[in-house]
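[1] fold the following, please.
(one chain, ligands or ions: 1)
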Amino acid sequence: MADFTGKSAIVTGGARGIGAAVAAALVKEQIGVVIGDLRDEDGARVAAALGDTAVFRHLDVTDAKNWRAVIADAEALFGPLAVLVNNAGIIDVGAVEAEVPMVFRHVLDVNLYGPWLGMHLAAPRLRAAGGGVIVNISSTAGLVGYAGIGAYVASKWGLRGLTKTAALELGVDGIRVCSVHPGPIHTPMTAGMSESVVAAQPLPRFGEPDEVAAMVRFIVAEATFSTGSEFVLDGGATAGRFLALSSES
Ligand code: NAP
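    Next comes the predicted model:
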């Protein structure tokens, strides 16, 4: 089991939803966590509830200046940076024909350029720390297509590919890079989503943020021989299809 005592972590989009659960799981592993998000009030509240080993800092993941400040604070407060969880993300509903070009670009900016920028700036610090782990929160939308959310799908497939490239480049320095692919999870992002979207899954329910956090914790603390790997938690949604065949046909 990897020991990150005396090391620091950054969790983006940690003011609510999956990111808040991930931050809590890492704090339990004795890792000092900087929660970065646009939502200053929510983020400060989440960090305060986690005690002395978590702080909130304003972070727009598309802003290099913000990233540099958050990395510097993480190291000053909690020790060498060893864990980065690129979790911040947004979704927009728009068919290929209907999507507004600027919105398409903005989704790619936050969901793909943001994690790239984080890895770009954090990798030298993880190397200096003697190694570490980067976890990129993709989606089942990085494994299959979904009608009506093309920008989101493109960003999550991109993040899956970028994860593998970073794993290839950084393994030599003891830095592991993995992607996580949740199906629908109960968070503010999915608040308007009908339960019917999960009805056809082998496990016909939404997942919970704590279930994603448990997988991230596993990748960080225990999956010491995994890099460039995809960790799926989707109630079996991407396992395949049920066929309505009769044995007599
Ligand atoms: P969420 O509840 O909407 O939380 C995401 C957080 O990220 C929000 O606080 C959001 O702030 C913040 N954020 C947005 N843009 C940002 C930026 N530029 N810089 C920093 N923070 C930013 O979402 P979630 O459901 O927890 O999702 C977390 C991650 O899991 C996302 O990458 C999402 O795509 C992925 N995921 C979610 C599900 C699901 O079913 N929930 C499934 C698969 C994958 P604002 O609210 O102000 O935008």
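[2] ok, the longest strand along the chain: who's next to it in the sheet?
    The strand spanning the most residues in the chain, taking DSSP state E as the definition, is strand 175-182. Strand pairing for strand 175-182, determined by DSSP bridges: strand 132-137 (parallel), strand 230-233 (parallel).
[3] got a list of what the residue nearest to the spatial centre of the chain touches?
    For the chain, the residue lying nearest the average C-alpha position, counting by C-alpha atoms, centre = their mean, turns out to be residue 137 (2.4 Å). Applying C-beta atoms under 8 Å, 6 or more residues apart in numbering, one finds that residue 137 lies in contact with 18, 85-87, 89, 179-180, 182, 212, 216. Bear in mind the C-beta positions are built from the backbone N, C-alpha and C, glycine included.
[4] get me the contact residues on this structure for the ligand.
    Applying C-beta under 6 Å from any ligand atom, we find that the chain lies next to the ligand at 12-13, 15-19, 37-39, 59-62, 87-90, 110, 114, 137, 139, 182, 184-185, 187-190.
[5] change it to 5 Å
    Within the chain, the positions adjacent to the ligand are 13, 15-18, 37-39, 60-61, 87-89, 110, 137, 139, 182, 184-185, 187-190 by C-beta under 5 Å from any ligand atom.
[6] among the residues you listed, which lie within helices?
    Those of these mapping onto helices are 17-18, per DSSP state H.
[7] residues contacting the longest helix along the chain, please?
    With secondary structure taken from DSSP H, the chain has its longest helix at helix 150-170. Judged by C-beta under 8 Å, 6+ apart, the contacts made with helix 150-170 from elsewhere in the structure are 86, 89-92, 94-96, 99, 103-104, 107-108, 110-112, 115-116, 119, 123, 126-127, 134, 136, 138-139, 141-143, 145-146, 176-179, 181, 227-230.
[8] any weak-confidence spans in this structure?
    Per-residue confidence of the chain (counting by pLDDT under 70) places the weak regions at 249.
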